[in-house]
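**Q** With the input below, show me the fold.
(one chain, ligands or ions: 1)
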Amino acid sequence: MPHVIVKLWPGKTEEQKSRLTEAIVRDLMTVMGSTEASISVAIEDVESAAWAEAVYKPQIVGNADKLYKKPGYEMS
Ligand SMILES: O=C(O)/C=C/C=C(\O)C(=O)O
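**A** Numbers count the residues shown, from 1 in each chain. As a prediction, the model looks like this:
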C-alpha cells in the first residue's frame, strides 16, 4: 500500500502536480509491482521560510538513515 508524500515550495501548477503524480504512480507500478488501486499520493506545499524547521530538520536530518536521496544543500 504505497503512500507517497511530496513536499515542495509553493508555486507549482496543478498540471505539474498531476504529471508528477502520474509519474510516481507509473514508476511504483513498474518498479515495485504495485497495483494502481493500492497507491496514494499527497503533495504538500511548504513555504520556503518554513522549510528548515518543518521539513529539513525533522524529516531530512532527523531521518538521515532512511533517505535514499540526500539533498545537496545544508541548512541551519
Ligand atoms: O533549487 C532550489 O534552490 C530550490 C528548489 C526548491 C523547489 O523547487 C521546491 O521545493 O519546490
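**Q** mind giving me the domain split of this structure?
**A** As recorded under automatic domain parsing, the domains making up the chain are 1-45, 48-76.
**Q** So which of these is the most surrounded?
**A** domain 1-45 (a mean of 12; mean count of other C-beta atoms under 10 Å). Where C-beta positions appear, they are placed from N, C-alpha and C, glycine not excepted.
**Q** just to revisit the earlier point, could you export the domains of the chain as CSV, including mean pLDDT?
**A** Converted to CSV, the domains of the chain look like this (pLDDT from 0 to 100):
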stretch, mean pLDDT
domain 1-45, 98
domain 48-76, 97
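**Q** Checking the nearest residue to residue 47 once chain neighbours are set aside next. Helix, strand or coil?
**A** Closest residue to residue 47 apart from its sequence neighbours, by C-beta to C-beta, 6 or more residues apart in numbering: residue 10 at 6.4 Å. What DSSP: H, G, I helix; E, B strand; the rest coil gives for residue 10 is coil.
**Q** my guess is residue 10 contacts residue 49, does it?
**A** No - Residue 10 is beyond contact range of residue 49, at 10.8 Å (criterion: C-beta atoms under 8 Å).
**Q** Am I right that residue 6 falls within a strand?
**A** Yes - assessed with three-state DSSP, residue 6 lies in a strand.
**Q** quick revisit: please list all residues in contact with the residue nearest to residue 47.
**A** Taking C-beta atoms under 8 Å, 6 or more residues apart in numbering as the criterion, residue 10 is in contact with 45-47.
**Q** Thanks again, I'm all set now.
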